[in-house]
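Asks: could you look at this predicted model? Sequence included:
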Amino acid sequence: MHLYRYLVGAALLALSVGSAACDESLTDITGPTPNLVPTFSSIQTEIFSNSDSSGRAACTQCHNAIGRLFNGLDLSPAVSYANLVGVASRGKVGAVRVIPGDPENSYLIHKLEGRPGIVGVRMPQIGPPYLTDGQILVIKRWIELGARND
């Protein structure tokens with residue numbers, strides 16, 4: 001019984017240390033957005049609202065409430081959080097855009113990675129360039145941490 005408790009305790013300690021280290025290393029792998037951190041305000045500023053040094057266009061170039069490009073997801077700063085977290089996708093029945101704590105089942109991640117089974121094309125539609133693996137990892141981390149409006 002003592003060995004079991006020791007092993008469980010060691011596993012929990014390793015998991016918590018590994019999780020804490022994740023945030024520190026994320027800023028080293030975000031490439032064209034070196035200031036990106038796993039908070040909604042950072043993702044809004046660095047990904048949704050602005051282009052980056054790779055030439056990737058801002059998401060709001062298409063995902064806005066005006067003009068012919070509006071397609072059901074407005075990522076403008078005033079409304080993006082409310083349009084993402086816990087909201088069903090308009091394009092894929094049964095999919096939820098962002099599921100707090102569950103990046104692997106969040107449809108936003110599926111669209112950004114271009115996974116099989118998405119409706120339409122990988123985002124951004126006018127890519128490449130697409131988001132880098134590091135940028136997507138930061139978004140996944142934000143979702144994993146509960147997708148707070150921070």
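Replies: Great, that's in hand.

Asks: neighbours around residue 135, how many?
Replies: 24 (other CB atoms under 10 Å). The way it works is simple: take the backbone N, C-alpha and C, and place the C-beta from them, glycine included.

Asks: name the element it belongs to?
Replies: Assigned by DSSP states H and E, residue 135 belongs to helix 133-144.

Asks: next up, phi/psi of residue 88, please.
Replies: phi -70, psi 140 (degrees, to the nearest 10).

Asks: look up the closest residue to it, ignoring the ones flanking it.
Replies: residue 96 (5.8 Å; CB to CB, 6 or more residues apart in numbering).

Asks: again with residue 55
Replies: Nearest non-adjacent residue to residue 55 (CB to CB, 6+ apart): residue 129, at 5.5 Å.

Asks: buried ones in the helix holding residue 135?
Replies: Neighbour-count burial for helix 133-144, counted by 16 or more other CB atoms under 10 Å, picks out 134, 135, 136, 137, 138, 139, 140, 141, 142, 143, 144.

Asks: other residues contacting that helix?
Replies: Identification of contacts with helix 133-144 by CB atoms under 8 Å, 6 or more residues apart in numbering yields 22-23, 26, 29-33, 36-40, 42-43, 47, 98-103, 106, 108-109, 112-113, 131, 148.

Asks: how near is residue 99 to residue 55?
Replies: 31 Å (CB to CB, to the nearest Å).

Asks: tell me which of the two has more neighbours.
Replies: residue 99 (18 against 10).

Asks: ok, now which ones touch that one?
Replies: If you count contacts by CB under 8 Å, 6+ apart, then residue 99 has 86, 105, 106, 143, 147 around it.

Asks: let's go with 6 Å and repeat that
Replies: Residue 99 is in contact with 105, 106, counting by CB atoms under 6 Å, 6 or more residues apart in numbering.

Asks: among the contacts of helix 133-144, name the buried ones.
Replies: Counted by 16+ other CB under 10 Å, those give 26, 30-33, 36-40, 42-43, 47, 98-100, 103, 106, 108-109, 112-113, 131 as buried.
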